[in-house]
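J.: Sharing a sequence plus its predicted fold:
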Amino acid sequence: MPKEEALAKLFYLAAAFFFIFGLKGLSHPRTAVRGNLLAAIGMLLAIVVTLADKRIVDFRIIIAGFVVGGLIGTIMAYRSPMTAMPQVVAVFNGFGGGASALAVGAALEEALKGAWIEEITIQFTSSAAGAALIGAVSLTGSAIAFGKLQGIIKEKPVFLPGRHVINIALLLLCLGLSAWQVVGYNPLLFSTSSVSTRELEQSVFPEPFRQAFEKNGILLSRHVSVEHGEGEWSITDEEHRETYIIRSQGGELTVHSKSALPFWLMVGTAAILGIMLVIPIGGADMPVVISLLNAYSGIAAAGHGLVLNNSVLIIAGSLVGAAGFILTALMSKAMNRSLPNIMFAGVGAEVASEEESGNIYAGRVKSASPEEVAMMLDGARRVVIAPGYGMGVAHAQYAIRDLVNHLESKGVEVEFAIHPVAGRMPGHMNVLLAEAHIPYEKLKDLNQINPTFEQTDVVLVIGANDVVNPLARDADASIPIAGMPILNVDAARSVVIIKRSLSPGFSGIANPLFAADNALMLYGDAKQITTELITALKEI
Ligand code: NAP
């Protein structure tokens with residue numbers, strides 16, 4: 001191995017270490033920022049080594065891509081609110097998958113044109129086909145996920161008749177086209193009987209052959225080399241970087257070009273498959289789908305690494321793939337749903353009708369003013385705050401921190417109940433509360449907090465709905481959140497729910513908690529109401 005290559009591999013290994021320690025850091029809020037930084041250093045190292053190691057055709061294109069991409073990415077990151085983070089992740093996944101599909105396509109075209117003719121092995125083409133299939137699915141699937149979350153496409157599941165059969169047919173077509181490419185698709189250009197194979201046998205290009213090419217509209221350059229294969233020859237036009245396959249059949253020579261047509265047809269089919277797979281999934285399940293597509297984009301990148309024989313791409317892609325699959329599994333578990341149920345059941349098609357909600361709430365919902373709730377909090381010894389999506393929308397975390405500080409200064413014990421799927425992305429609540437410098441020790445997960453509700457005086461549910469909905473306890477109910485473990489806030493002495501109305505949460509179903517005997521609604525925007533609560537508390 002040349003010294004430069006060995007050195008590049010060493011640096012790639014170092015980059016991989018940065019990725020692994022970065023990921024490890026991301027597993028805890030306290031080390032997350034450092035983890036992110038480590039992974040970014042690893043990526044910078046990998047980019048610098050790649051740019052220094054590979055034969056770069058034109059740096060101007062790379063710089064232009066860097067500037068345009070960097071600009072779009074920076075504007076997107078600054079302009080996207082925290083609540084739109086799943087959409088941002090969807091776009092990144094999609095572009096990652098799409099980039100892998102296009103890059104392996106370019107590598108395949110390059111190889112077919114003869115530049116890397118020796119690299120056309122079964123491993124090369126099958127990795128290229130696999131990476132492009134998954135990459136194209138994640139590109140269009142992510143675009144649909146983005147559209148659904150952004151409200152550009154109907155959020156509810158869209159069912160096409162016979163969709164499972166269509167999907168299986170599309171997948172089989174993708175596999176068939178890939179296999180066609182792998183065995184070598186060589187369309188016939190022309191045949192001739194005017195050339196003998198004698199010189200080809202000696203790996204010499206027979207000059208009369210050039211005229212036969214010319215007669216069929218192909219002008220070859222002066223530099224043509226011949227390679228002997230099994231029962232065939234390959235002729236490479238070194239200047240035009242074009243390779244032709246020559247076969248001898250019954251005294252005739254047939255000339256074939258090398259084509260990536262099946263590959264590109266497969267990419268198109270996979271792109272349709274991506275749309276078909278995501279369109280029947282409801283908006284509420286989209287974060288899980290995005291996590292799965294994230295895993296797909298990682299696998300596509302790993303396949304891309306196999307195509308280019310680039311170890312850092314294989315390692316980074318595998319890490320993204322594995323992390324995405326683990327996250328998908330954790331989210332499915334937290335929602336008590338299987339992945340096939342999320343992908344194929346089309347949950348979320350039904351939304352609670354006004355009549356159903358009316359029956360649940362009729363005359364039973366009680367509301368309170370901030371002053372009344374302040375009195376309750378003043379007399380409490382233990383308060384638990386259960387935040388949800390509404391806290392994020394309202395940016396209420398800073399006001400909540402001030403409320404916690406005030407309550408603690410009066411000797412009240414305060415903890416947070418964090419549901420694993422509260423909000424719109426994994427760790428949504430943790431990130432927001434960490435942003436407001438709320439100590440991590442105060443955040444308790446489902447298993448830690450649920451046994452403590454019976455000893456809790458007041459639970460403040462702030463902008464949460466589905467994660468505290470008692471209807472989820474019936475695992476057999478035909479509702480999207482059936483069987484999802486919930487925060488048992490109704491076991492506390494009093495529950496105060498801060499939200500603007502009785503509207504349903506993301507799953508679209510009514511919530512009997514609002515009508516429970518020990519529950520009070522405190523209507524309003526989460527940030528404004530929390531600020532009013534603090535003022536009222538100070539006046540007591
Ligand atoms: P939710 O059930 O969607 O309810 C959020 C509530 O916030 C709404 O009912 C809304 O009621 C209220 N709200 C909105 N804006 C508000 C504001 N400015 N001030 C106060 N309240 C406001 O949210 P959740 O309880 O956090 O549950 C999350 C849902 O997302 C679950 O169904 C979960 O399965 C799903 N999901 C999450 C993830 C994830 O990774 N986190 C993944 C997949 C699915 P009003 O309109 O009346 O104010």
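T.: On my side now, so go ahead. Computed from a predicted structure; not experimentally measured. Numbers count the residues shown, from 1 in each chain.
J.: What separation is there between the residue lying closest to residue 244 once chain neighbours are set aside and the ligand?
T.: Nearest residue to residue 244 in three dimensions, chain neighbours excluded: residue 235, at 4.8 Å (Cβ to Cβ, 6 or more residues apart in numbering). From N, CA and C alone the C-beta is placed, and that goes for glycine too. With distances taken as Cβ to the nearest ligand atom, to the nearest Å, residue 235 is found 56 Å from the ligand.
J.: SS state for residue 235?
T.: Classification of residue 235 using DSSP: H, G, I helix; E, B strand; the rest coil returns strand.
J.: surely it meets residue 228?
T.: No. At 10.9 Å, residue 235 does not count as touching residue 228 under the criterion of Cβ atoms under 8 Å.
J.: Who has more neighbours out of the two?
T.: Using other Cβ atoms under 10 Å as the criterion, residue 235 and residue 228 rank with residue 235 on top: 20 against 12.
J.: you'd agree residue 139 is up against residue 274?
T.: Yes. With contact defined as Cβ under 8 Å, residue 139 counts as touching residue 274 (6.4 Å).
J.: Quick one: residues contacting whichever residue of the chain sits closest to the ligand.
T.: Nearest residue of the chain to the ligand, counting by Cβ to the nearest ligand atom: residue 505, 2.0 Å away. By Cβ atoms under 8 Å, 6 or more residues apart in numbering, the contact set of residue 505 is 388-389, 464-466, 469, 511.
J.: restrict those to contacts with the ligand.
T.: By Cβ under 6 Å from any ligand atom, the members of these lying near the ligand are 388-389, 464-466.
J.: So which of the residues you listed sit within helices?
T.: Judged by DSSP state H, the subset of these located in helices is residue 389.
J.: Most neighbours among the ones next to the ligand among the contacts of residue 505, which one is it?
T.: Going by other Cβ under 10 Å, residue 464 tops those with 31 neighbours.
J.: low-confidence ranges in this protein?
T.: Where the chain drops to pLDDT under 70, the residues are 1, 54-55, 82, 115-119, 345-358.
J.: Now do the strands in it.
T.: For the chain, the strands defined by DSSP state E cover 188-192, 224-228, 232-237, 242-249, 252-257, 382-387, 413-418, 443-445, 458-462, 494-499, 519-523.
J.: How about the residues of the chain by the ligand?
T.: Residues of the chain lying near the ligand (Cβ under 6 Å from any ligand atom): 284, 287-288, 331, 335, 388-390, 393-394, 421-426, 428, 463-467, 481, 499-501, 503, 505-507, 525-526.
J.: Show the buried residues in the residues you listed.
T.: 284, 287-288, 331, 335, 388-390, 393-394, 421-426, 428, 463-467, 481, 499-500, 505-507, 525-526 (16 or more other Cβ atoms under 10 Å).
J.: Contact partners for residue 490?
T.: 453, 468, 470, 513, 516, 518-519.
J.: ok, it to residue 480 distance?
T.: Distance check for residue 490 against residue 480: by Cβ to Cβ, to the nearest Å, it reads 20 Å.
J.: next one: residue 434
T.: Residue 434 sits 29 Å away from residue 480, taking Cβ to Cβ as the criterion.
J.: of the two, who's got more company?
T.: Set residue 434 next to residue 480 and count neighbours by other Cβ under 10 Å: residue 480 wins out with 23 against 18.
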